[in-house]
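J.: Predicted structure and sequence below. I'll ask about it afterward.
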Amino acid sequence: MAKKNIFRFASVILLILVCVSFRPVEAGIFTSQNGKVKFVSEAPLELIKAESEKLISVIDVAKRSFAFSIIVESFEGFNSPLQKEHFRENYMETNKYKTTTFKGKIIEEIDLSKEGTYNIRAKGTLDLHGVQKEKIIKGKLIVKSGSIEMDAKMDVPLEEHNIKVPKVVNQKISQIISVEIKATLLPKK
């Protein structure tokens, strides 16, 4: 009899743990303070890669709104210290334009309260180098265990954001930069 009670008790505890670990995302706000942003400039004479792990992002599930912000000086991983200096001073002008932001809304009518993988597009405004441009970012959201994993990509034409590349280095810097963002967003407490 005692073994049956212990077995029932253990079964109930196991069921509770399973239910808690697989809880769906509820309507609310999800944030991340340490997402990743990577960019690649693939030009004929040079490949430039840099990344930051200081992406701040937020998704409002009920409104399907999405936003992110990154401090431009937080990018690391350039080919040389001089390249990093040119990125900050000559191209991104971080003394004037400290952050890059995006604010938008998920286009697809999706229910993020259900676990699953969702291919999405977010339409909004990218503010980069002091220039705001309407942009559609394509990505994927994976809802599982009460969190939202985000993986998105976009191309950024330098000309659209008044980032000038001198002719002398034109073959070393791509006119279109590939950007990838990743984050795991958790419920805001």
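T.: Perfect, I can see it now.
J.: ok, now which ones touch Ile70?
T.: Contact partners of Ile70, counting by C-beta atoms under 8 Å, 6 or more residues apart in numbering, are Val37, Ser52, Lys54, Leu55, Ile56, Thr99, Thr100, Thr101. In this view, the C-beta of every residue, glycine as well, is placed from N, C-alpha and C.
J.: again, 7 Å this time
T.: For Ile70, the contacting residues are Val37, Ser52, Lys54, Leu55, Thr99, Thr100, by C-beta atoms under 7 Å, 6 or more residues apart in numbering.
J.: Any chance of JSON lines for those residues, columns neighbour count, pLDDT and secondary structure?
T.: Putting the contacts of Ile70 into JSON lines (neighbours: other C-beta atoms under 10 Å; pLDDT from 0 to 100; DSSP: H, G, I helix; E, B strand; the rest coil) gives the following:
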{"residue": "Val37", "neighbour count": "23", "pLDDT": "97", "secondary structure": "strand"}
{"residue": "Ser52", "neighbour count": "20", "pLDDT": "97", "secondary structure": "strand"}
{"residue": "Lys54", "neighbour count": "17", "pLDDT": "97", "secondary structure": "strand"}
{"residue": "Leu55", "neighbour count": "22", "pLDDT": "97", "secondary structure": "strand"}
{"residue": "Thr99", "neighbour count": "14", "pLDDT": "96", "secondary structure": "strand"}
{"residue": "Thr100", "neighbour count": "20", "pLDDT": "97", "secondary structure": "strand"}
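J.: Give me the pLDDT for Lys103.
T.: In this model, Lys103 is scored at 97, pLDDT.
J.: what about it, neighbour count?
T.: 16 (other C-beta atoms under 10 Å).
J.: my read is it is in a helix, agree?
T.: No. Assessed with DSSP: H, G, I helix; E, B strand; the rest coil, Lys103 is strand; it does not lie in a helix.
J.: and the gap between it and Ser41?
T.: The gap separating Lys103 from Ser41 is 25 Å, by C-beta to C-beta, to the nearest Å.
J.: Over to Ser145?
T.: Taking C-beta to C-beta as the measure, Ser145 falls 36 Å from Ser41.
J.: How about Asn79?
T.: Taken as C-beta to C-beta, the span from Asn79 to Ser41 is 10 Å.
J.: And for Glu51?
T.: In terms of C-beta to C-beta, Glu51 sits 13 Å off from Ser41.
J.: One more: Lys135?
T.: 18 Å.
J.: With Pro81 instead?
T.: Distance from Pro81 to Ser41, by C-beta to C-beta: 17 Å.
J.: returning to what we had before: are there residues contacting both of Asn79 and Ser41? Which ones?
T.: Ile48.
J.: Compare the two (neighbour count), which wins?
T.: A count of neighbours by other C-beta under 10 Å puts Ser41 above the other of Asn79 and Ser41, at 20 against 12.
J.: isn't that one right up against Ile173?
T.: Yes. Checked against C-beta atoms under 7 Å, the pair Ser41 and Ile173 is within contact range at 5.5 Å.
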